[in-house]
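Chemist: predicted structure and sequence below. I'll ask about it afterward.
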Amino acid sequence: MTANLPFSQACENNKQPILSVLQKELKDSLHVLEIGSGTGQHSVYFAPRIAHLTWQTSDVVNNHASINAWHAAHPAANLYAPLAFNLAHDPVPVNKAVAAPYDAVFMANTLHIISWPLVEQLFNLVGGVLPAHGKLIVYGPFNENGHYTSGSNQQFDISLRQRDVNSGIRNFEDIIELAEQHRLILNERYAMPANNQILVFQKLLSD
Ligand SMILES: C[S@@+](CC[C@H](N)C(=O)[O-])C[C@H]1O[C@@H](n2cnc3c(N)ncnc32)[C@H](O)[C@@H]1O
């Protein structure tokens, strides 16, 4: 039953092709942290379809009621209730009921919402928490060398910046450079429908 639950169309878009990438990229992962779980729609779709791992949701506390409502309507044994995580002031949250450390982090449609200092903090935190070979998987639109990849992305970026001057579609090259500063190296890049992409970073072994 999904009627009356908070609903995001952006979250519904492309969830099947995103799942196909996650099933491939997370086949060896055991404990995934989702950052910015939003309404919770992605988590209830992905977790039961990648059932060998645990899916830990997280977001700012304001979104927890929605995530919990989606989990109640679509329970899955490997789906975990949201942890409070505000990139502005929290460390990476840990679920004490799960012994395993995170070996992958997933985030969708969020790099263009948070400010650049929070993007930097995100890579700092994720780079610090992932073990060697751990993966960071990011879904959303990106610019190329400062240029929009489509007219629809340009319109989207204008609307984002009108709502919040600190948000906006990020430059692919800036993200790669930032990730490398935290030993997260681009491993795979998937073109996704509607001019979106999935970037898969893998944590380097330490020196
Ligand atoms: C556009 S929504 C994307 C939600 C979901 N991942 C999706 O694909 O539909 C952006 C998400 O970023 C989260 N967010 C914004 N600021 C944040 C912060 N400071 N710390 C953590 N998450 C934040 C929002 O709460 C929201 O869940």
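Modeler: Now that the structure is in, tell me what you want to look at.
Chemist: now the residue in the chain positioned nearest to the ligand: phi and psi?
Modeler: For the chain and the ligand, the shortest gap (CB to the nearest ligand atom) falls at residue 38, measuring 2.5 Å. Where you see a C-beta, it was placed from the backbone N, CA and C, and this is true even at glycine. As for residue 38, its main-chain torsions (degrees, to the nearest 10) stand at phi 70, psi -130.
Chemist: quick one, what contacts residue 97?
Modeler: residue 80 (CB atoms under 8 Å, 6 or more residues apart in numbering).
Chemist: secondary structure element holding it?
Modeler: Assigned by DSSP states H and E, residue 97 belongs to no helix or strand.
Chemist: can you give me the buried ones in the helix or strand bottoming out on mean pLDDT in the chain?
Modeler: Every helix and strand of the chain was ranked by mean pLDDT, DSSP states H and E. The lowest is helix 9-12, at a mean of 90. If you call a residue buried by 16 or more other CB atoms under 10 Å, then helix 9-12 has these buried ones: residue 11.
Chemist: so is it next to the ligand?
Modeler: Yes: for helix 9-12, a contact with the ligand is found by CB under 6 Å from any ligand atom, at 10, 11.
Chemist: quick check: closest non-adjacent residue to residue 199.
Modeler: residue 138 (4.8 Å; CB to CB, 6 or more residues apart in numbering).
Chemist: that neighbour belongs to a strand?
Modeler: Yes: membership of residue 138 in a strand is supported by DSSP: H, G, I helix; E, B strand; the rest coil.
Chemist: check which helices and strands the helix or strand just after the least confident helix or strand of the chain sits against.
Modeler: Where DSSP H and E defines the elements, the next helix or strand beyond helix 9-12 is helix 15-25. Secondary-structure packing of helix 15-25 (3 or more CB pairs under 8 Å, 6 or more residues apart in numbering; DSSP states H and E): helix 41-46, strand 104-108, strand 135-140, strand 184-192, strand 196-203.
Chemist: can you redo the ones you listed as CSV with distance to residue 63, mean pLDDT and mean neighbour count?
Modeler: Listed next are these as CSV, based on distance: least, CB to CB, whole Å; pLDDT from 0 to 100; neighbours: other CB atoms under 10 Å:
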stretch, distance to residue 63, mean pLDDT, mean neighbour count
helix 41-46, 11, 98, 24
strand 104-108, 13, 98, 24
strand 135-140, 17, 98, 23
strand 184-192, 23, 98, 15
strand 196-203, 21, 98, 21
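Chemist: and these as CSV, adding distance to the ligand?
Modeler: Listed next are the helices and strands packed on helix 15-25 as CSV, based on distance: least, CB to the nearest ligand atom, whole Å:
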stretch, distance to the ligand
helix 41-46, 6
strand 104-108, 4
strand 135-140, 7
strand 184-192, 12
strand 196-203, 10
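Chemist: distance to residue 77 for these - can I get that in TSV?
Modeler: Formatted as TSV, these follow (distance: least, CB to CB, whole Å):
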stretch	distance to residue 77
helix 41-46	12
strand 104-108	18
strand 135-140	22
strand 184-192	28
strand 196-203	26
